[in-house]
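Chemist: Below is the sequence, then the predicted model.
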Amino acid sequence: MRTFRAVRTRLGAIAGVTLLAVLLWRLGTGVFLGGLRRIDGPAVLAAAGIGLVTTAFSAWRWQLVARALGIRLPYGPALAGYYRALFLNAALPGGVVGDVHRAVRHGGGAGDLGRGVRAVVLERAAGQVVLAVAGAGILLTVPSPVRTQVRQFAPPVALAVLGVAAIALALWPDRGPRARGRVLGAEVRAALLSRRSGPGVVVASVVVLAGHVALFLLAARVVGSDASAVALLPLAVLALLAMSVPFNVGGWGPREGATAWAFGAAGLGAGNGLAVAVVYGVLGFAASLPGLLVLAARWGTSPRAAAGTAGGEAASAVPEPEPGPAGGHTRSGGTSCTTRTSGTTRTSRTTRTSRSSSSEVSSVKYAAKESTRLASSSFPFSAVPREGLPMTPESV
């Protein structure tokens, strides 16, 4: 399975780079550079504001799905984890590395890796379903120059989606099909179709989709397009649908190709479409930069300070001797040693030596291991529990 994901990621990166190279070869690098030069400070600030809204509602959607599956996920760690995932998706090839990371991290911290992964998958699936339904409705009903072409390509695309779904089901890990179907169906109903979480998931997905469309319209205005928002709406939806294709490099590739084709078909110029897609990608990356701060905060944790804290907690965990019967002392190991008033000096010295040995053994026994101390803070992608305790989402 890991080999399949690695091959898919490499093929996707190659396909995305090839598509970008073809577009630059046909349309020239001047369009690409011209779009970048038009980006200014107000545009970046507006993109950051839009990104804050979309990320906040995406984190809420993730929280709703996770709670419906029985996994605790506070909103603060969910927001930080989602920002980190967006940055990794935008910075690394494939466009899904960040989602894989937050799924593994949350599932490992909650003590149920399978549910953690399924929570992220269902959360992303909910957004894609809303995008597909709303996009199909807009592309097939709203008057636009691309509506005829979309109606022609809609049946083959639908068949391709069904074929991919059939292949995915065929490659599902071997388990009892009935048990797998019951478990998956129950989780889908609880996370996406129940009265408790379903409406919130739909509202969050609609707001996220509106935020992506608003970012596309902002990119079009930055490039200098004077087309109306109604005319740009189908083109924006088409670009967002192309972004869901996994063959890309950090989201780049299919989006630029689809936007250039759509703008050319609408008579707005394929070069302008490529420039809009480029500006959209840069603004989207700028909106995900708070995720870099989350990673930097995680990297900034000092291993030495963490080790000192762990050592202090371990030392405080050693129990003190408790008073025993007849004025003696009871050690933490449960063995009592009574010192009589008429006892000899040798007996008292032996008692003190035994207590000292017991304290040393207890300190060694309960002190945190060095490997655990280092693993708890040395690398932000590590899912190793901290100081022997299960990792919780609060540690994000």
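Modeler: Cool, got the structure.
Chemist: who touches the closest residue to residue 79 other than its chain neighbours in this structure?
Modeler: Nearest residue to residue 79, sequence neighbours excluded (CB to CB, 6 or more residues apart in numbering): residue 59, at 4.2 Å. Placement of C-beta: from N, CA and C, glycine included. The contact partners of residue 59, by CB atoms under 8 Å, 6 or more residues apart in numbering, come to 75, 78, 79, 81, 82.
Chemist: The first one reaches residue 64, doesn't it?
Modeler: Right, residue 75. No - here residue 75 does not reach residue 64: they are 10.3 Å apart, not a contact under CB atoms under 8 Å.
Chemist: Tell me which of these two has more neighbours.
Modeler: Per other CB atoms under 10 Å, whichever of residue 75 and residue 64 has more neighbours is residue 64, with 26 against 13.
Chemist: In which helix or strand does the more buried one reside?
Modeler: For residue 64, the host element (DSSP states H and E) is helix 41-68.
Chemist: so after that helix, what's the next helix or strand?
Modeler: helix 75-91.
Chemist: Now do the helices in the stretch 101-250 of the chain.
Modeler: Ranges of helices within the stretch 101-250 of the chain are 113-141, 147-170, 177-188, 198-223, 229-243, based on DSSP state H, counting those that start in this stretch.
Chemist: Could you export these as JSON lines, including mean pLDDT, mean neighbour count and distance to residue 100?
Modeler: Formatted as JSON lines, the helices of the stretch 101-250 of the chain follow (pLDDT from 0 to 100; neighbours: other CB atoms under 10 Å; distance: least, CB to CB, whole Å):
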{"stretch": "helix 113-141", "mean pLDDT": "92", "mean neighbour count": "18", "distance to residue 100": "8"}
{"stretch": "helix 147-170", "mean pLDDT": "74", "mean neighbour count": "11", "distance to residue 100": "16"}
{"stretch": "helix 177-188", "mean pLDDT": "73", "mean neighbour count": "12", "distance to residue 100": "19"}
{"stretch": "helix 198-223", "mean pLDDT": "96", "mean neighbour count": "20", "distance to residue 100": "20"}
{"stretch": "helix 229-243", "mean pLDDT": "90", "mean neighbour count": "21", "distance to residue 100": "18"}
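Chemist: Among those, which comes closest to residue 285?
Modeler: helix 198-223 (11.3 Å; CB to CB).
Chemist: what residues are up against residue 212?
Modeler: Listed by CB under 8 Å, 6+ apart, the contact set of residue 212 reads 54, 236, 240.
Chemist: how's the chain carved up into domains?
Modeler: Per automatic domain parsing, the structural domains of the chain span 2-297, 304-376.
Chemist: circling back: pull out the buried members of the contacts of residue 59.
Modeler: 78, 79, 81, 82 (16 or more other CB atoms under 10 Å).
Chemist: I'd like to know how far the last one sits from residue 284.
Modeler: Look at residue 82 and residue 284: by CB to CB, to the nearest Å, they are 14 Å apart.
Chemist: go on, the first one?
Modeler: Look at residue 78 and residue 284: by CB to CB, they are 20 Å apart.
Chemist: ok, now the second one?
Modeler: Using CB to CB, one obtains 18 Å as the distance from residue 79 to residue 284.
Chemist: What of residue 136?
Modeler: 23 Å.
Chemist: Next: residue 128.
Modeler: On the measure of CB to CB, residue 128 and residue 284 end up 17 Å apart.
Chemist: Over to residue 152?
Modeler: Counting by CB to CB - residue 152 and residue 284 are separated by 30 Å.
Chemist: ok, now residue 229?
Modeler: Separation of residue 229 from residue 284 (CB to CB): 19 Å.
Chemist: again, but for residue 73
Modeler: Counting by CB to CB, the gap from residue 73 to residue 284 is 25 Å.
Chemist: ok, residue 273 - contacts?
Modeler: 235, 259, 260, 261, 262, 263, 264.
Chemist: With residue 75 instead?
Modeler: Counting by CB under 8 Å, 6+ apart, residue 75 makes contact with 59, 60, 63.
Chemist: same check, this time on residue 280
Modeler: Taking CB under 8 Å, 6+ apart, we find residue 280 in contact with 215, 216, 219, 239, 255, 259.
Chemist: Then residue 229?
Modeler: Neighbour list for residue 229: residue 217 [criterion: CB under 8 Å, 6+ apart].
Chemist: so where do the strands sit in the stretch 201-350 of the chain?
Modeler: Ranges of strands in the stretch 201-350 of the chain, per DSSP state E, counting those that start in this stretch, are 322-323, 329-330, 336-337.
Chemist: So the spatially closest residue to residue 291 that is not a sequence neighbour versus residue 123, what's the distance?
Modeler: Counting by CB to CB, 6+ apart, the nearest residue to residue 291 once its immediate chain neighbours are dropped is residue 87, at 2.9 Å. Residue 87 sits 17 Å away from residue 123, going by CB to CB.
Chemist: Same question for residue 53.
Modeler: Taking CB to CB, one finds residue 53 at 17 Å from residue 123.
Chemist: cool, and residue 260?
Modeler: With CB to CB as the criterion, residue 260 and residue 123 are 31 Å apart.
Chemist: And residue 56, by the same measure?
Modeler: Counting by CB to CB, the separation of residue 56 from residue 123 is 14 Å.
Chemist: Equivalent analysis for residue 35, please.
Modeler: Residue 35 sits 32 Å away from residue 123, taking CB to CB as the criterion.
Chemist: do the same with residue 204
Modeler: Distance from residue 204 to residue 123, counting by CB to CB: 9 Å.
Chemist: Any regions of the chain where pLDDT drops low?
Modeler: Counting by pLDDT under 70, the chain has low-confidence residues at 1-17, 19-20, 23-24, 26-29, 31-32, 94, 168-181, 246-251, 300-396.
Chemist: Swap in 50 and give it another go.
Modeler: For the chain, the stretches with pLDDT under 50 are 1, 4, 302-396.
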